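**Q** Give me the fold of what follows.
(one chain, ligands or ions: 1)
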Amino acid sequence: MTVTKSTSGTASSGPASDIGCGYAPFDHGPMSAHFQKARNEEPVFYSPKINYWVVTKRVDILEVFRDPKTFSAEIALSPVFPLSQSALKIMRDGGFDACPVQVNCVPPDHTRIRQVAGAYLNAKRFSALEPDIRALVHRFLDQLEGKQRVDLIKDFVYDLPALVIFLMLGIPDEDVPQIKRWADNRLLLTFGELSEAAQITAAHDMVAYWQYCRDLVAARQKNPQDDYASVLLAARAGDDAVLSVKEVESLVFGLLLAGHETTTNQAGNALRMLLTHRESWEAICADPGLIPNAVEECLRYQASVVCWRRKALEDVMLSGVRIPSGANILLATASAGRDEDWFADSETFDIRRENARDHLAFGNGIHFCVGAPLARLELKIILEEVTKRFPKMRLVEDQSIDMIRTIAFRGPSQLLADLNG
Ligand code: HEM
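**A** Got it, this is the predicted structure:
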């Protein structure tokens, strides 16, 4: 390990090396190159900017994911930087009190809740959604017909995954813009670096978003339907030991976020990767049977979740580096996808790669993404239909691509394309 500079820190902080100081957690442009250097020179480094130990090798990341006794997920949704007092007050006064239910919940509650939620969120239910998803994709593609230049994010994949989640939650389509705004702000509040004024706006949005979920659950208590909240309420059957009402509300709140931002960003990343590697785009147009593996390669090469978080519950060694008990750990899952010890020629985008599916874009272990089968299905349908409809599509050359600024999520905020080449 190369540690050339050193600063003293708190019990759970670490030495600040060149690689640690050079890590720009919000800047997705140079990130892959930085992780590559780290994997080779300092696979576990300390980032003083965010006070996290960053783990970059696939083998170490897997070890952490698979050991929930030593590495707690309780930190997964904590704001990366402490929120301002005014933002906290707005949330407190607004009654925001969602409880940990999935990504940031730990056993035994996590085991119980994941099992109950699995009665609804499962592969069978997701595959039954296929005709609805295909119809939605057609609806968006129909709106693109006759246009030459479009923004593939705004005009195609921004609202689409939210509408799929809405099918499961029984929410009307017209609520999409509102919920997308709340969700965007929630992401920035938790994983971003907001000014105090922006935190205040986002805190108001968190309160409104939480209240929306509470109202939805209250409506289903009075009038059950065939949707997520109703199935959870039926499973609970009035018994808090199975699931409390607050947990149902928190599950709805969680799904309304987890289920669409990630997929929107992944669809944007996939379209961008495939269109910039023109031979891959032409290959999937000619042979749609290549699409499922192309989806995996996009997840490996350019995942929408770049990092995920854990807290060390005891002193641990990873790649020869001692991480102290209580330390924050950032698992660079995007780096695992490029790990040259696992993926041959790992910096090459190859939709025929045999082990593409070994990426860690959906995590691993007890918190492995519940929605992975749904995300895979949506991405497959999006690519099948768009390649059929607009095979000549090309990205507008020399456009500057802005990525959303959070430590965990990566996706283009705009992607201009000419539909007929
Ligand atoms: C490309 C899209 C997606 C990506 C990259 C993604 C990624 C992730 C990651 C990294 C985790 C944390 C895993 C861990 O801690 O080990 C996670 C958890 C989760 N995801 Fe996804 N996700 C995606 C789509 C979805 C969708 C569509 C849904 C909903 C249907 C969903 C629901 C969840 C839930 C509920 C969890 C928490 C599981 C638990 O803690 O038990 N995700 N996802």
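
**Q** What average pLDDT does the host helix or strand of Lys89 get?
**A** Following DSSP states H and E, the helix or strand that holds Lys89 is helix 85-93. The pLDDT scores in helix 85-93 average 96.

**Q** Could you do stretch 96-103 as well?
**A** Rounded mean pLDDT across stretch 96-103 is 95.

**Q** From the opening residue of that stretch to its closing one, how far?
**A** 18 Å (C-alpha to C-alpha, to the nearest Å).

**Q** and that stretch, which residues are buried?
**A** 96, 98, 100-103 (16 or more other C-beta atoms under 10 Å). No exception for glycine: its C-beta is placed from N, CA and C like everyone else's.

**Q** who's in contact with it?
**A** By C-beta atoms under 8 Å, 6 or more residues apart in numbering, the residues outside stretch 96-103 that reach it are 73-74, 76-77, 106, 109-110, 113-114, 117, 206-207, 210, 246-247, 249-251, 253-254, 258, 367, 370.

**Q** Can you name the next helix or strand after the helix or strand hosting Leu379?
**A** For Leu379, the host element (DSSP H and E) is helix 372-389. Sequence order places strand 394-395 as the next helix or strand after helix 372-389, per DSSP H and E.

**Q** That following strand pairs with which strands, parallel or anti?
**A** strand 416-418 (antiparallel) (DSSP bridges).

**Q** Average pLDDT for the partner strand, rounded please.
**A** Strand 416-418 comes out at a mean pLDDT of 98.

**Q** One more: stretch 140-149?
**A** 97.

**Q** Over to it now: how far is its first residue from its last?
**A** Chord length of stretch 140-149, first to last residue, is 15 Å (C-alpha to C-alpha).

**Q** again with stretch 344-351
**A** Start-to-end, stretch 344-351 (C-alpha to C-alpha) is 13 Å.

**Q** same thing with stretch 396-407?
**A** Termini of stretch 396-407 sit 27 Å apart (C-alpha to C-alpha).

**Q** buried stuff in it?
**A** 403-407.

**Q** Let's verify the residue nearest to Arg214 when sequence neighbours are not counted: helix, strand, or coil?
**A** Excluding its sequence neighbours, the residue lying closest to Arg214 (C-beta to C-beta, 6 or more residues apart in numbering) is Glu249, at 5.2 Å. With DSSP: H, G, I helix; E, B strand; the rest coil as the basis, Glu249 sits in helix.

**Q** Help me confirm that Glu249 comes into contact with Ala219.
**A** No. Here Glu249 does not reach Ala219: they are 11.8 Å apart, not a contact under C-beta atoms under 8 Å.
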